[in-house]
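Engineer: Could you work out the structure for the sequence below:
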Amino acid sequence: PMELLAVPITESGYKNMSQGESGTSMKSAGLWQFIPSTARNYGLRVDQKVDERLDVELSTDAALRYLESNHLRFKDWHLSLLAYNMGENAVKKAMDQTGARDAWSLIRAGHEGDKDYLPKLMAAILIMKNPESVR
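Structural biologist: Residues are numbered from 1 along each chain as shown. From the prediction side, this is the model:
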């Protein structure tokens, strides 16, 4: 879905930040704010010489594959987006603990990565679809 283009708004403000610039302790980088392990899992090179998280085309392809993988696993875009932020294993664990099968229930139960990540992302999507609403 085109709405996935709002993820970098929430992740980085569409700033292609190198590791350390984002101000997080997770060592994330790029528009999509990949951590090194997830970047490598999706085929990006991250080492002392090259950081492909900063390659917009490669990182966008990897991010969309990651989101699609989460969607195939959870059968729900909100869960896919929550998993993008907090990790798919953390989402699965939260689902197992709570018995909930939707992102909003998980969030209400205290399971979220970055505080208010999903609401901020939903707001970004609404603004992206209705830019006149913020004039």
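
Engineer: helix/strand/coil for the residue nearest the centre of the chain?
Structural biologist: Centroid-nearest residue in the chain: Tyr84, 3.7 Å away (criterion: C-alpha atoms, centre = their mean). At Tyr84 the chain is in helix, as set by DSSP: H, G, I helix; E, B strand; the rest coil.

Engineer: Look up how far Asp116 lies from the spatially closest residue to it that is not a sequence neighbour.
Structural biologist: Distance criterion C-beta to C-beta, 6 or more residues apart in numbering; nearest residue to Tyr84, sequence neighbours excluded, is Leu67 at 5.8 Å. Just so you know, the C-beta spots here come from the backbone N, C-alpha and C atoms, and that holds for glycine as well. Leu67 sits 19 Å away from Asp116, going by C-beta to C-beta, to the nearest Å.

Engineer: Between those two, which is the more surrounded one?
Structural biologist: Leu67 (19 against 12; other C-beta atoms under 10 Å).

Engineer: Quickly note the distance from that one to Lys49.
Structural biologist: Distance, Leu67 to Lys49, using C-beta to C-beta: 28 Å.
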